[in-house]
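> sharing a sequence plus its predicted fold:
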Amino acid sequence: MSTLTIAIIITFVTGYFFIAIESVTKVNKAAIALLMFVGCWTLYMIDPGQYMPGLSGEDLYTAVTKVMEKYLGETGTTLFFLMGAMTIVEVVDQNGGFNFVRRWLRTKSKRTLLWRIAFLSFFMSAILDNLTTSIVMIMLLRKLVEDREDRLIYATLVIIASNSGGAFSPIGDVTTIMLWNNGFVSSTGVITQIFLPSLISMIIPALFMQKWFKGNLLTTGIVTDKADEVTELERRTVFAIGVGGLIFVPIFHSLTHLPPFVGILLVLGILWTITELFYGTKRLKSKFSAKRRVTNLLSRIDMGTILFFLGILMAVSCLQEIGVLTKLGEWLNRVSAGNHYIVTGLIGIISGIVDNVPLVAGCMGMYPVAPVGDMAVDGIFWQLLAYCAGVGGSMLIIGSAAGVVVMGLEKITFGWYLKRITGVAFLGYAAGIICYWLMNTFIFA
């Protein structure tokens, strides 16, 4: 291994370390990810010839530019998909599309609320994504549950259920979006074979948690957000187009074979047009209506998250280009004797400690897609990776975007989560892997 390769690895590891201790340094992880991306590729350009033998001069620099454009194109499809999906959810929320959810959650029983939260978070995250679902559910919990201790338990269940629901859907988690966008899994394959393991990984922790609840809630009142000037018909129309459109995206992809982000942009374009027609010329004069126009809601999109993914994915692409990920994949295969359950299981546990996005991006670079077998499209390895990277993040509160968001919103400490929740989350994680093994041994074998 050359000195330059070692320098690139050190740059990546150093950047990753500072991303992991963001809560200590108070430096946004997006800034570190961008520096890591630029640092790795700048070092690469000191002597690109050693990674592209046989080329020199302008031919070499042209080849490097084409390689970077290729990786940027692959990364861009994921980023445009995320931006489109985030905008659609924001439009639906700001136009009162989720009001019916609040009414459906109304109950006096603590245990009934627990199961409603579990299943609602599970299925919502499969459609909206686990990050957005977590934010929506925490806002609802604040209006439903007065006791803080009870609310913390519900909040942690939201994390587990959202991560589990996101794992079986091609649009439910950034990692599954990446795998689906790049052709490692199909929407049909990941839904049919990961749904049951994901459901079990949510139900097992919920069964343990329900023992902690007895009796009724102190308050059952639900404060419904006002949506002045938005009629019930308009709310339902926006919800149907937004959420229905997200569900339609995998169908659009299978029919047209266009990249998934094209389907997302189609839905956003339709929703944008419909809401503009709803508000009309007269209603746009109202400050309330103007704030709900897509042109204004675009400013609410979390660009820090988008730039973080850009930095991480492009930095990982540099490691892939210099051959480090391939060597790491070969080493993991030797250590595990080719057992994909061990490899993906370990990746899932690691994803509880570090961000699962670079882990999955790294695996995509480590292992090429095979024509047949476990490493083929929808093979055991890729489906398990989707499950383990998504669900494994629930074992520690810092292991997923949903966990980090809930941690910030409800001020949950790392130690409290480790003591109360990590054990039950691990049981659910392990039970899901066992379920997947049984399915592929006795049903899909």
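Good, I have the coordinates. Numbers count the residues shown, from 1 in each chain.

> wait, L120 touches V101, no?
Yes - the criterion here is Cβ atoms under 8 Å, and L120 meets it with V101 at 7.0 Å. Placement of C-beta: from N, CA and C, glycine included.

> give me the more crowded residue out of those two.
L120 (21 against 16; other Cβ atoms under 10 Å).

> give me the element that one is part of.
Assigned by DSSP states H and E, L120 belongs to helix 110-128.

> what residues of stretch 37-56 count as buried?
F37, G39, C40, W41, L43, Y44, P48, Y51 (16 or more other Cβ atoms under 10 Å).

> which is the next helix or strand following the worst-scoring helix or strand of the chain on mean pLDDT?
One helix or strand of the chain scores below all others by mean pLDDT, DSSP states H and E: helix 287-291, with a mean of 62. For helix 287-291, the following helix or strand on the C-terminal side (DSSP H and E) is helix 294-297.

> in the protein, which helix has the most residues?
Longest among the helix segments of the chain by residue count, using DSSP state H, is helix 57-94.

> angle of that helix against helix 110-128?
Here helix 57-94 runs at an angle of 140 degrees relative to helix 110-128 (axes from the mean of the first three to the mean of the last three Cα atoms, to 10 degrees).

> and helix 57-94, what does it pack against?
Secondary-structure packing of helix 57-94 (3 or more Cβ pairs under 8 Å, 6 or more residues apart in numbering; DSSP states H and E): helix 130-144, helix 174-181, helix 232-256, helix 260-283, helix 294-297, helix 303-321.

> would you mind finding the most buried of the ones you listed?
The highest average neighbour count among those, using mean count of other Cβ atoms under 10 Å, belongs to helix 174-181 at a mean of 25.

> run through who's touching that one.
Outside helix 174-181, the residues that touch it by Cβ atoms under 8 Å, 6 or more residues apart in numbering are 74, 77-78, 81-82, 129, 166-167, 169-171, 185-187, 190, 259-261, 309, 356-357, 359-361, 364, 382, 385-386, 389-390, 401.

> report the buried residues of the helix or strand following that helix.
Of the helices and strands lying after helix 174-181 in sequence (DSSP H and E), the nearest is helix 187-209. By 16+ other Cβ under 10 Å, the buried positions in helix 187-209 come out as 187, 189-191, 193-194, 196-206, 209.

> packing partners of helix 187-209?
helix 110-128, helix 148-167, helix 174-181, helix 232-256, helix 380-391, helix 422-438.

> what comes up buried for whichever helix or strand comes after the longest helix of the chain?
The C-terminal neighbour of helix 57-94 among helices and strands, as given by DSSP H and E, is helix 99-105. Within helix 99-105, the residues that count as buried by 16+ other Cβ under 10 Å are N99, V101, R102, L105.

> returning to what we had before: now the helices and strands packed on helix 57-94 as CSV including mean pLDDT and distance to D378?
Below are the helices and strands packed on helix 57-94 laid out as CSV (pLDDT from 0 to 100; distance: least, Cβ to Cβ, whole Å):
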stretch, mean pLDDT, distance to D378
helix 130-144, 79, 22
helix 174-181, 83, 10
helix 232-256, 84, 13
helix 260-283, 83, 16
helix 294-297, 80, 35
helix 303-321, 84, 22
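
> re the thing from before, what residues sit buried inside the longest helix of the chain?
Buried residues in helix 57-94, counted by 16+ other Cβ under 10 Å: 60, 64, 67-68, 71, 74-75, 77-94.

> using PDB, write out every CA atom in the helix holding L120.
Extracted in PDB, the C-alpha atoms of helix 110-128 (Å, rounded to 0.1, in the frame of the first residue of the first chain):
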ATOM      1  CA  LYS A 110     -51.300   3.700  27.500                       C
ATOM      2  CA  ARG A 111     -50.800   0.200  25.900                       C
ATOM      3  CA  THR A 112     -53.200   0.900  23.100                       C
ATOM      4  CA  LEU A 113     -51.400   4.100  22.300                       C
ATOM      5  CA  LEU A 114     -48.100   2.200  22.300                       C
ATOM      6  CA  TRP A 115     -49.300  -0.300  19.600                       C
ATOM      7  CA  ARG A 116     -50.800   2.500  17.600                       C
ATOM      8  CA  ILE A 117     -47.600   4.400  17.700                       C
ATOM      9  CA  ALA A 118     -45.600   1.300  16.800                       C
ATOM     10  CA  PHE A 119     -47.600   0.300  13.700                       C
ATOM     11  CA  LEU A 120     -48.200   3.900  12.500                       C
ATOM     12  CA  SER A 121     -44.500   4.700  12.800                       C
ATOM     13  CA  PHE A 122     -43.600   1.400  11.100                       C
ATOM     14  CA  PHE A 123     -45.800   1.900   8.000                       C
ATOM     15  CA  MET A 124     -45.400   5.700   7.800                       C
ATOM     16  CA  SER A 125     -41.600   5.300   7.600                       C
ATOM     17  CA  ALA A 126     -42.000   2.900   4.700                       C
ATOM     18  CA  ILE A 127     -43.700   5.600   2.800                       C
ATOM     19  CA  LEU A 128     -42.300   8.900   4.100                       C
END
